[in-house]
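Q: Here's my sequence, what's the structure:
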Amino acid sequence: MLRLPAKVMLVAMALLLTITSPPSRAQDALSPRLQIGINLLPAVIAANNGMATIDSSKKLPIYLVYRDNEHLAILLKQSLARIGKIRKRTIEVQTIALDELLALDPEPFSTIFIAEQLDKRLPQLIEFSQQQRALLFSPFKGDVKRGVSTGFRVADKVSPLVNLGSLKQSKIQLKAFFLRIAVQHE
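A: Predicted structure coming up:
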């Protein structure tokens with residue numbers, strides 16, 4: 001067996017790691033806030049009282065909205081698509097650019113998950129989601145205080161976070177048990 005000098009092995013390993021490592025955008029998908037958010041999203045959707053009024057044969061649209069990073073939204077879609085159904089309704093997950101979403105007339109009981117921070121564009125999406133009665137979820141710190149209807153807070157445990165004013169504007173009513181465990185922002 002051929003043995004290579006240690007320096008050559010180190011260079012070869014470094015090159016191999018560079019070639020096989022995912023792009024930096026993919027590393028964003030591994031951020032804890034995005035993973036927690038995408039895992040918590042089905043529970044938030046299931047807590048929507050309005051779900052009982054829709055036909056169980058209709059699909060539940062979930063939009064993963066991005067500003068610039070479509071690759072990140074695609075990675076999140078793969079994580080969410082594994083769930084398949086929420087309250088016996090098949091989910092339909094779609095990645096979509098913010099501008100495309102704002103031009104849509106989404107299906108009733110749509111959910112919008114913010115896949116990357118929107119900064120100055122966030123108020124526009126909040127207004128849109130309220131007008132469309134879509135449940136808006138953000139995994140980013142401070143977005144619920146800015147008007148996003150749902151998110152989460154990390155302290156000694158992860159807790160759902162809701163903006164009661166935004167939910168009221170959107171005419172979305174969440175189940176009482178969910179509101180009891182959620183941290184509420186008014």
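
Q: what helix or strand is the closest residue to residue 95 other than its chain neighbours on?
A: Leaving aside its sequence neighbours, residue 95 sits nearest to residue 73 (CB to CB, 6 or more residues apart in numbering; 3.9 Å). C-beta coordinates here come from the backbone N, C-alpha and C atoms, glycine included. When secondary structure is defined by DSSP states H and E, residue 73 falls within helix 70-81.

Q: Then residue 142?
A: Going by DSSP H and E, residue 142 is not in any helix or strand.

Q: what residues are up against the residue most central in space within the chain?
A: Residue closest to the mean C-alpha point of the chain, counted by CA atoms, centre = their mean, is residue 113 at 3.5 Å. Residue 113 is in contact with 37-38, 41, 62-65, 76, 80, 137-139, counting by CB atoms under 8 Å, 6 or more residues apart in numbering.

Q: phi, psi of it?
A: When read as degrees, to the nearest 10, the backbone of residue 113 gives phi -110, psi 130.

Q: Now do the same for the residue nearest to residue 69 when sequence neighbours are not counted: its pLDDT.
A: Distances taken as CB to CB, 6+ apart place residue 116 nearest to residue 69, at 5.2 Å, with adjacent residues excluded. Note for residue 116: predicted pLDDT of 93.

Q: Residue 116 contacts residue 72, correct?
A: Yes. Here residue 116 reaches residue 72: they are 6.0 Å apart, a contact under CB atoms under 8 Å.

Q: Where do the helices of the chain begin and end?
A: Using DSSP state H, the helices of the chain run over 6-20, 24-29, 32-46, 70-81, 98-102, 122-132, 164-170, 176-181.

Q: Kindly present those helices as CSV, with separate columns for mean neighbour count.
A: Formatted as CSV, these follow (neighbours: other CB atoms under 10 Å):
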stretch, mean neighbour count
helix 6-20, 9
helix 24-29, 14
helix 32-46, 18
helix 70-81, 18
helix 98-102, 16
helix 122-132, 18
helix 164-170, 17
helix 176-181, 11
